[in-house]
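Visitor: the sequence and its predicted three-dimensional model are supplied below.
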Amino acid sequence: MSDARRVLAQAAALVALSVLVGAAVHFPLVGRFARGEFRETFFQVSDYPGIRLIALAEAEDLWAGGTAVVLDARAEGFYGQGHVPGARNLPADASGFDVPAAILEVPKDRTFVLYCEGGDCQSSLALAKRLHEAGFRDVRVFTGGWSEWRAAGLPEEKVDAPE
Amino acid sequence: MLRNKGVLLAFRLVLGGLFVYAGAVKVLDPLDFAQNIRNYQLVGQSLSFIAAIVLPWLEILAGLALILGVWRRGAALVVTGLLVFFIVLTAVTMVRGLDVDCGCFGSLSRKSGWGVILEDLGMLALGLVLLVKERTGTRTRCTCPPTR
């Protein structure tokens, strides 16, 4: 075998071994994936008992009730163009994100409603995990997000652009 | 100098160690890593899952091979291939303006950006040296000049 082919064969063997070892070590997880879990989101409810995924009707009820803290996890620019009235903007970019002190002062059993753009946006879930880690125990993620809220014709609020 | 066995050994240990570590932290929480991959918004849910299962082990096994000195050039090829992929991925992510965690070293990860690219370029340099200078695995007749 030529030198180059030998190197390629070694690399291919490493890839094949990785597939085998990965499938063997994570066999239960692979089984759950094969049965249809983790198709929407990589999220184990059992790891975060305080987080629930909710639909539009529940999000609207909680918002209308006025007692839940509504957080918009999208970037500031999108938030400015329109958001759920009363929602605070907390862009959940993955790096260096800290739960602000003002949020940490909220009682830990308060209900939070989080959303991002909708579709397959993940920032609201990332934010939910941070809040959960910060000790909050009633964190609800409105998975339909801003796009669903808007499509339903519900009220919206904008941030006025500076003069 | 790069023919020096000690230097090549040091390169293998450093690069292998980094890859084993990077793989090990991801193996511990495959779903978290799958989410990291998904955040790049390049592949769908299934591919993210498969990559999260396989990629950490590829890093570990290639790293181990470098450390133990088996399949050295094959391992160096895997490592350099992965690094080139990571560099392109990070650059594309920056151009697209995505704000994502690099997902490179578990909890030590930080935002995808120039720091990550420079780090990967440093490792790539080590990997390329190993790929070019290491023996394939079979003993070849030494053509080096006799030492005094």
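Guide: Everything's here; your move.
Visitor: can we go C-alpha only for contacts and neighbour counts from here?
Guide: OK.
Visitor: now the residue of chain B found nearest chain A: how far from residue B:85?
Guide: Nearest residue of chain B to chain A (C-alpha to the nearest C-alpha) works out as residue B:74 at 4.4 Å. Here residue B:74 is placed at a distance of 16 Å from residue B:85 (C-alpha to C-alpha, to the nearest Å).
Visitor: quick one, which of those two is more surrounded?
Guide: residue B:74 (28 against 13; other C-alpha atoms under 10 Å in any protein chain shown).
Visitor: what residue is smack in the middle of chain B?
Guide: The centroid of chain B falls nearest to residue B:79 when counting by C-alpha atoms, centre = their mean (4.1 Å).
Visitor: repeat for chain A
Guide: Short answer for chain A (C-alpha atoms, centre = their mean): residue A:125, at 1.8 Å.
Visitor: does chain B sit close to the strand or helix carrying that one?
Guide: Using DSSP states H and E, the element containing residue A:125 is helix A:123-133. No - for helix A:123-133, no contact with chain B is found by C-alpha under 8 Å from any C-alpha of the partner chain; the gap never falls below 8.9 Å.
Visitor: packing partners for that helix?
Guide: Contacts defined by 3 or more C-alpha pairs under 8 Å, 6 or more residues apart in numbering or on different chains; DSSP states H and E place helix A:123-133 against strand A:51-54, strand A:112-115, strand A:139-142.
Visitor: 6 Å - rerun?
Guide: Counting contacts by 3 or more C-alpha pairs under 6 Å, 6 or more residues apart in numbering or on different chains; DSSP states H and E, helix A:123-133 is packed against no other helix or strand.
Visitor: so for stretch B:131-141, what's the average pLDDT?
Guide: For stretch B:131-141, the mean per-residue pLDDT is 67.
Visitor: what's the answer for stretch B:89-96, then?
Guide: 88.
Visitor: still on that earlier bit, correct me if wrong: the residue of chain B closest to chain A contacts residue A:11.
Guide: Yes - between residue B:74 and residue A:11 there is a contact under C-alpha atoms under 6 Å: 4.4 Å.
Visitor: ok, the residue nearest to the centre of chain B to residue A:40 distance?
Guide: The value you get for residue B:79 to residue A:40, if C-alpha to C-alpha is used, is 31 Å.
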